[in-house]
Every structure is written in structure tokens, then in C-alpha cells.
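Participant: Sequence below, structure please.
(one chain, ligands or ions: 1)
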Amino acid sequence: MQEDKEKWNKRYLQMQMPLESSDIINQFITLLPHSGSALDIACGNGRNARLLASCGLDVRAIDISDIAINLASKLYKEAFQNKSIMGSIEFLCLDLDSYKITPKSYDVICNFYFLNRKILHQIPSALKSNGILFLETFEENKDYPTNIDSTKILHQNELLELFKNWEIILNQTKIITRDRIDQKACVRQFIARNQI
Ligand SMILES: C[S@@+](CC[C@H](N)C(=O)[O-])C[C@H]1O[C@@H](n2cnc3c(N)ncnc32)[C@H](O)[C@@H]1O
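Facilitator: Purely as a prediction, here's the structure:
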């Protein structure tokens, strides 16, 4: 949606988002294959796409914000020139709301701080056999109400229902402080492997 693009472009111009890759990928980095294909859904500044590529994966990184994609692309080129990244990253600036993920095409998918159920429901078929999903995003919790649009936060147990029959490697909640507005919120941290 054009609205999302404008909202996020404005936000990227106003403030710097964290550049460090996500804790749960770092903690479970040994799960990553050393080659293959990965998808970073709503990649932002590309912090996780760069980590996946530094492990040797060829990454497709998608985001609606051209400001974010240009920054991510610049940071990737710098890291590639310094030889700290082996794999490639293809950056695509597009709206995930109308995006179709090719089935059985990825060894790794990461989805951080972005919830779009049209995309979420494609993930089970998008991962190859033994493919791994890393996901972290806001979840509803009556003790930690937020002002986030209720369609963009997880319901409790939603992931377990969607990924039933998968190997669940990590499934925990964490309370974080949203720095921008100094508000506590509940996030779900989830890692699952396709056993089919
Ligand atoms: C909170 S940021 C998270 C960025 C990144 N995943 C991370 O964890 O650093 C949410 C991202 O979703 C992107 N986004 C929002 N709506 C989108 C859409 N419809 N299609 C693609 N990207 C979208 C924004 O541009 C923004 O980069």
C-alpha cells in the first residue's frame, strides 16, 4: 500500500533502526546451512539479510520502503567489498501485500517485526524440506496493551496452529521496550523447521 511506503519512508528518514542482526538468529546460527536460498520478509535496513549472506546463503530481501532498500543495498555493498559477506543479496522494493512466494523455494525464511497474514500463510509451503523459519514480532497480551493495529499482531498460539507438525525449536515470549514511545510490549520469538 502507498500509505505503508510513505509511513515507513518517513520513519527511516527520521530515525535509525537497529543495525545489529537479531538475537535469535545469532543464538541459533548453527542451524543455518552454509549455502542455499533465503528470504528476508520486510528486510528494513537489511540487518538480518546481511547475516544470512555472511553465512553463505543467497538472499532475496524485500521491503516496500525505497529508503530502507537503498540503505540496505549500500551497507551490503560495503560489507561485500570488505569481504565480510560471501553470499549474494537481491534487494526488491515492492509491496508484500500482493506478493506470491514461489512454493518450496527457500532453505531459510526470516520474518522480523512485520506481520501480514497473506504472507505468513504462504511460509509453510515456501520452505523446502528441512527449511527453517526465524520469526519475531508483536503478540497480543492483555498485560501489555499496545497501540499497534490489531491486525498486525499475532494471536496467542497462532504460530503453533499454523506450524503444527513442524519441529518447534524455539517458542517463547519476551517483554521489550519500544524505544520510540517508551512502551513495554510482548513479542513472540519463534523458530521452526519443516519436517515434511
Ligand atoms: C519494524 S520494520 C522491521 C524491519 C526488519 N524486518 C527488521 O527487523 O529490522 C517493518 C518493515 O516492514 C516494511 N513494510 C511495511 N509494510 C510493507 C509492505 N506492505 N510490503 C513490504 N514491506 C513493508 C517497512 O518498510 C519496514 O522496513
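
Participant: count of residues packed around the residue of the chain found nearest the ligand?
Facilitator: Scanning the chain for the residue nearest the ligand gives residue 44, at 2.7 Å (criterion: C-beta to the nearest ligand atom). (C-beta placed from N, C-alpha, C; glycine too.) Neighbour count of residue 44, defined by other C-beta atoms under 10 Å: 24.

Participant: Grab the nearest non-local neighbour of it.
Facilitator: residue 68 (5.2 Å; C-beta to C-beta, 6 or more residues apart in numbering).

Participant: is it true that that neighbour touches residue 7?
Facilitator: No. Taking contact to mean C-beta atoms under 8 Å, the distance of 11.8 Å between residue 68 and residue 7 leaves them out of contact.

Participant: out of the two, which sits in the busier spot?
Facilitator: When neighbours are counted by other C-beta under 10 Å, residue 68 and residue 7 differ, and residue 68 comes out ahead with 24 against 13.

Participant: Which strand or helix spans the more buried one?
Facilitator: Assessed by DSSP states H and E, residue 68 sits inside helix 66-81.

Participant: Then residue 134?
Facilitator: Residue 134 is part of strand 127-138 when elements are defined by DSSP H and E.

Participant: what's the first-to-last distance across stretch 56-75?
Facilitator: With C-alpha to C-alpha, to the nearest Å applied, stretch 56-75 spans 17 Å between its terminal residues.

Participant: now do stretch 155-166
Facilitator: Across its full length, stretch 155-166 reaches 19 Å between end residues, using C-alpha to C-alpha.

Participant: Assign the residue nearest to residue 67 when sequence neighbours are not counted to helix, strand or coil.
Facilitator: Taking C-beta to C-beta, 6+ apart as the measure, residue 67 lies nearest to residue 12, with 4.2 Å between them; neighbours along the chain are not counted. The assignment at residue 12 comes out as helix when based on DSSP: H, G, I helix; E, B strand; the rest coil.

Participant: one step back: the helix or strand following the helix holding residue 68: which residues count as buried?
Facilitator: If you walk from helix 66-81 toward the C-terminus, the next helix or strand you reach (DSSP H and E) is strand 89-93. Neighbour-count burial for strand 89-93, counted by 16 or more other C-beta atoms under 10 Å, picks out 89, 91, 93.

Participant: Of the residues you listed, which is the nearest to residue 80?
Facilitator: residue 89 (8.5 Å; C-beta to C-beta).

Participant: Unless I'm misreading it, the closest one sits right up against residue 57, doesn't it?
Facilitator: No. With contact taken as C-beta under 8 Å, residue 89 and residue 57 are classed as non-touching, separated by 9.2 Å.

Participant: quick one on the thing from earlier: make sure the residue of the chain closest to the ligand is indeed in a strand.
Facilitator: No. The secondary structure assignment for residue 44 gives coil rather than a strand, going by three-state DSSP.
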